[in-house]
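Engineer: what would the 3D arrangement of this be:
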Amino acid sequence: MDKSKTCPISNTVVFSSIFLSVICLSGLIHVEMELHVHRQMLKVLNQQREEKVELRNTAREGKEYVVKMSYSDTEKGKKS
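Structural biologist: Predicted coordinates:
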């Protein structure tokens, strides 16, 4: 009789532990997927930021070139 009473408890414990393990594993997979998505979004945002910085630098260099050229033209006009 003792044997039959312990088997259902043992089966319940085994089932509960398997059930909890599956839930924890699915939660872990969910978190890893969210982390992957956030890393991809961060990569895209960083890439966009770098492109904006490059455009600003290019525009700034272009303005500096125009200012230097106009200044040199002005200096040439004064010397002549």
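
Engineer: what bits of the chain have low per-residue confidence?
Structural biologist: Within the chain, the ranges that satisfy pLDDT under 70 run 1-8, 71-80.

Engineer: tell me which stretches of the protein form helices.
Structural biologist: Along the chain, the segments classed as helices by DSSP state H run 2-79.

Engineer: I'd like to know how far Arg49 sits from Lys43.
Structural biologist: Going from Arg49 to Lys43 by Cβ to Cβ, to the nearest Å gives 11 Å. Every C-beta, even on glycine, is put in place using the N, C-alpha and C of the backbone.

Engineer: can you check Ile29 too?
Structural biologist: 21 Å.

Engineer: check Leu55 too.
Structural biologist: As judged by Cβ to Cβ, Leu55 and Lys43 stand 19 Å apart.

Engineer: got it, and Ser21?
Structural biologist: The value you get for Ser21 to Lys43, if Cβ to Cβ is used, is 33 Å.

Engineer: same thing with Glu51?
Structural biologist: Distance from Glu51 to Lys43, counting by Cβ to Cβ: 13 Å.

Engineer: repeat for Thr12
Structural biologist: Counting by Cβ to Cβ, the gap from Thr12 to Lys43 is 47 Å.

Engineer: cool, Leu35 as well?
Structural biologist: Distance, Leu35 to Lys43, using Cβ to Cβ: 13 Å.

Engineer: before we move on, what about Met69?
Structural biologist: Distance from Met69 to Lys43, by Cβ to Cβ: 39 Å.

Engineer: what does His36 give?
Structural biologist: When His36 is compared with Lys43 (using Cβ to Cβ), they lie 11 Å apart.

Engineer: same deal with Glu64?
Structural biologist: Counting by Cβ to Cβ - Glu64 and Lys43 are separated by 32 Å.

Engineer: spit out the contact partners of Val53.
Structural biologist: By Cβ atoms under 8 Å, 6 or more residues apart in numbering, the contact list for Val53 is empty.

Engineer: distance of it relative to Leu42?
Structural biologist: Going from Val53 to Leu42 by Cβ to Cβ gives 16 Å.

Engineer: likewise Phe19?
Structural biologist: Phe19 is 35 Å from Leu42, by Cβ to Cβ.
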